[in-house]
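In: Prediction below, plus the sequence it came from.
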Amino acid sequence: MNPPNPSEITDNIVVSLDYTLIVDGEVLESTADAKPIQFIQGLGQIIPGLEEALDGMALGDSKTISVPAAKAYGKVDPDAVQKVKIEEFSEDVPLEVGTFLDLRDQEGDTLSAQITAKGEDTVTLDFNHPLAGKDLVFEVTVTELRLATEEELEHGHAH
Ligand code: ZN
């Protein structure tokens, strides 16, 4: 027999969550017209401040959670802003201010950067997360809870 579904959020529980993300009074993201997000609590799959606030919430609970920048995407890092020579890009890359580029670093990881300025020979790339320095407000509802399977815990994500 399967063990009963958990009634509240603790580590290693697969959580389904409806949420709306509000930043500076504006709705940035919402699951209202989509499926709830699903993640395993305690594995750092979501931002630390949200994971902390969800701990102990019961199935069906709704809550408004304020997460300060320090527990969300961190402070804006001035060192994460770099000038790069335009000649280093292939010609088909649209180098316009405001554009987000996916770039590969030396380890092959993908980094996202926004072009924040363009000069004659260089563009300025900002590697900070777009929400760095922002305080976030989440309106959440817990829609489903279940134990993670051994396979999910091994993989580190919900299936
Ligand atoms: Zn997997």
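Out: Nice, I can see it.

In: Return the helix or strand in the chain with minimum mean pLDDT.
Out: Of all the helices and strands that make up the chain, the one with the lowest confidence by mean pLDDT, DSSP states H and E is strand 100-104; it has a mean of 90.

In: strand partners of it, parallel vs antiparallel please.
Out: The strands that strand 100-104 pairs with in its sheet are strand 110-118 (antiparallel) (by DSSP bridges).

In: Please identify the buried residues of the strand it pairs with?
Out: 113, 114, 115 (16 or more other CB atoms under 10 Å). Heads up, the C-betas are built off the backbone N, CA and C, glycines and all.

In: ok, now stretch 12-19?
Out: Under the neighbour-count criterion of 16+ other CB under 10 Å, stretch 12-19 has 13, 14, 15, 16, 17, 18, 19 buried.

In: Need the residues that contact that stretch.
Out: Outside of stretch 12-19, the residues that reach it under the criterion CB atoms under 8 Å, 6 or more residues apart in numbering are 6, 9, 29-32, 36-43, 54, 138-148, 152-153, 158.
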